[in-house]
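A.B. asks: A predicted structure for the sequence below; I have some questions about it.
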Amino acid sequence: MLDNQLREWRPYVSPLDPCPPILIKTYVVPPNQYIHYQPMNLPQFTLDEAIRKGTLWPALYSPYMSRRKAKGG
Amino acid sequence: MAERQDRDPRNDEQEANEREQMPVRGSEAYRAELYEIQKVDFALVELTLYLDTHPGDIQAVQQFNQLAQRRRQLVYPFEMRYGPMLQFGLSFTRYPWQWNDEPWPWQV
Amino acid sequence: MWVYEKKLQYPVKVGKCDPRMARYLIEQYGGADGELSAALRYLNQRYTIPGKVIGLLNDIGTEEFAHLEMIATMVYKLTKDATPEMMEAAGLAPHYVNHDNALYYENAGGVPWTATYIAAKGDPIADLYEDIAAEEKARATYQWLIDMTDDVDIQDSLKFLRQREIIHSLRFREAVEILKADREQKKMY
């Protein structure tokens, strides 16, 4: 699910860049960007799941994984 | 970054009260019962925003009203045990005035 | 009027004593795209927005106050028992000399909150696009905050708040559609 929402791009790498280059950068495109107007009767999470996910509808759910390790932190 | 301090004597008192089945605000039982309310309330928030832009969705209106009913059923016994959740007369109070009772939500 | 409810919207747990993280989280308390800005932006716009979307601005604005309280809870817990030495080590000495351990509406750089963070153009389309942008910026801020901590409990609360921004953004875009449709309907009859 997360993979569907991640986009990759390759920044230009100059031989004069001072830091070790990050060859692939990513950004998130959450599912709300593809929903023009939420259709009625979308399947719902259970109430248990809904609060943990932060939404009632799986179609609107966007997970996020910390980039801490990827950033070298 | 120090780890959390071990034991506060107040926690021992709290646990002793729990063994005697006295309802204690901030206890594990309190948090668990509150979470049941938070779950229903969250769905109600989510449905509220949805209905603001989908006022004609009859199924969502029915679900909203069912959950509003369920919320009342959960909140009543919770307030009997732990005191009022709402202010300005939307919840009842015992004597003495219970509203000042700690912990407040950010202290729990 | 508003009625206070003696509970958080979502349980906030802080797993470890880390005042450094409080310094970053304050961005969502008193920063440009933070929860105070969001609440005040929507609740102010509602007075002049067309009637069909007042309810939405009112309700999202109200939910933002619940989010403000969640952020405040994290900051409060992270700094509650921090000594002056701990505050200094976390880079919070400038905050400490002005405020002790009190919370303050400021951003992560210590700049006080200002009304220039919120826009009210009076044009409903312009205002709603402002709101959509604000939600996406807040979503991004939550992502970078999640990247700045390894406390899974804080990450959990921040992920909840990030997801709420996504829902609000969708609802504001639906509000734009509602205002667009109004005109099409007029033409049809």
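C.D. replies: In hand now; what should we look at?
A.B. asks: isn't C:Q28 right next to C:E35, touching?
C.D. replies: Yes: between C:Q28 and C:E35 there is a contact at 5.8 Å, judged by Cβ atoms under 8 Å. Yep, even glycine has a C-beta here, placed from its N, CA and C like the rest.
A.B. asks: Of those two, which one has the most company?
C.D. replies: For C:Q28 versus C:E35, the count of surrounding residues by other Cβ atoms under 10 Å in any protein chain shown is larger for C:Q28: 28 against 24.
A.B. asks: shared neighbours, C:Q28 and C:E35?
C.D. replies: Overlap of the contact sets of C:Q28 and C:E35 (by Cβ atoms under 8 Å, 6 or more residues apart in numbering or on different chains) consists of C:71, C:138.
A.B. asks: any idea which helix is longest in chain A?
C.D. replies: Taking DSSP state H as the criterion, chain A has its longest helix at helix A:47-53.
A.B. asks: ok, and what's touching it?
C.D. replies: For helix A:47-53, contacts defined as Cβ under 8 Å, 6+ apart pick out A:44-45, A:56, A:61, B:38-40, B:42-43, B:46, C:10, C:160, C:163.
A.B. asks: how about the closest residue to C:K7 other than its chain neighbours, phi and psi?
C.D. replies: Excluding its sequence neighbours, the residue lying closest to C:K7 (Cβ to Cβ, 6 or more residues apart in numbering or on different chains) is B:P105, at 5.4 Å. The phi/psi pair for B:P105 (degrees, to the nearest 10) reads phi -50, psi -40.
A.B. asks: In this structure B:P105 contacts C:A72, no?
C.D. replies: No: with contacts counted by Cβ under 8 Å, B:P105 stays clear of C:A72, the gap being 9.8 Å.
A.B. asks: From chain B, how far off is the spatially most central residue of chain C?
C.D. replies: Central residue of chain C (Cα atoms, centre = their mean): C:E35, 1.8 Å from the mean position. Applying Cβ to the nearest Cβ, to the nearest Å, the value for C:E35 to chain B is 14 Å.
A.B. asks: tell me the two of the contacts of helix A:47-53 that are most distant?
C.D. replies: In terms of Cβ to Cβ, the contacts of helix A:47-53 reach their longest pairwise distance at A:Y61 and B:V40, which sit 19.3 Å apart.
A.B. asks: What pLDDT does the model give the spatially most central residue of chain A?
C.D. replies: Nearest residue to the geometric centre of chain A (Cα atoms, centre = their mean): A:V28, 3.5 Å. pLDDT for A:V28: 95.
A.B. asks: quick one: the helices in chain C?
C.D. replies: Using DSSP H, helices in chain C cover C:19-25, C:27-30, C:35-45, C:54-79, C:84-89, C:93-99, C:124-147, C:152-188.
A.B. asks: what's the answer for chain A, then?
C.D. replies: According to DSSP H, the helices that chain A contains are A:2-5, A:47-53.
A.B. asks: Highest mean neighbour count out of those helices?
C.D. replies: helix A:47-53 (a mean of 18; mean count of other Cβ atoms under 10 Å in any protein chain shown).
A.B. asks: give me the number of residues near B:Q87?
C.D. replies: 14.
A.B. asks: Run a quick check on it versus B:W99, I expect a contact.
C.D. replies: Yes: with contact defined as Cβ under 8 Å, B:Q87 reaches B:W99; the gap is 6.4 Å.
A.B. asks: For residue 59, which non-adjacent residue is closest in space?
C.D. replies: You didn't say which chain, so I picked chain A. A:L42 (5.3 Å).
A.B. asks: you looked at the wrong chain, it should be chain B
C.D. replies: Excluding the flanking residues, the one nearest B:Q59 by Cβ to Cβ, 6+ apart is A:N41, at 6.4 Å.
A.B. asks: and C:A89, what is it in contact with?
C.D. replies: C:19-20.
A.B. asks: If I look at A:R67, what pLDDT would I see?
C.D. replies: 86.
A.B. asks: Angles on the backbone of it, please.
C.D. replies: Main-chain torsions, A:R67, degrees, to the nearest 10: phi -90, psi 10.
A.B. asks: got the helices of chain A as TSV, with distance to C:H67 and mean pLDDT columns?
C.D. replies: Output for those, formatted as TSV (distance: least, Cβ to Cβ, whole Å; pLDDT from 0 to 100):
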stretch	distance to C:H67	mean pLDDT
helix A:2-5	22	76
helix A:47-53	14	98
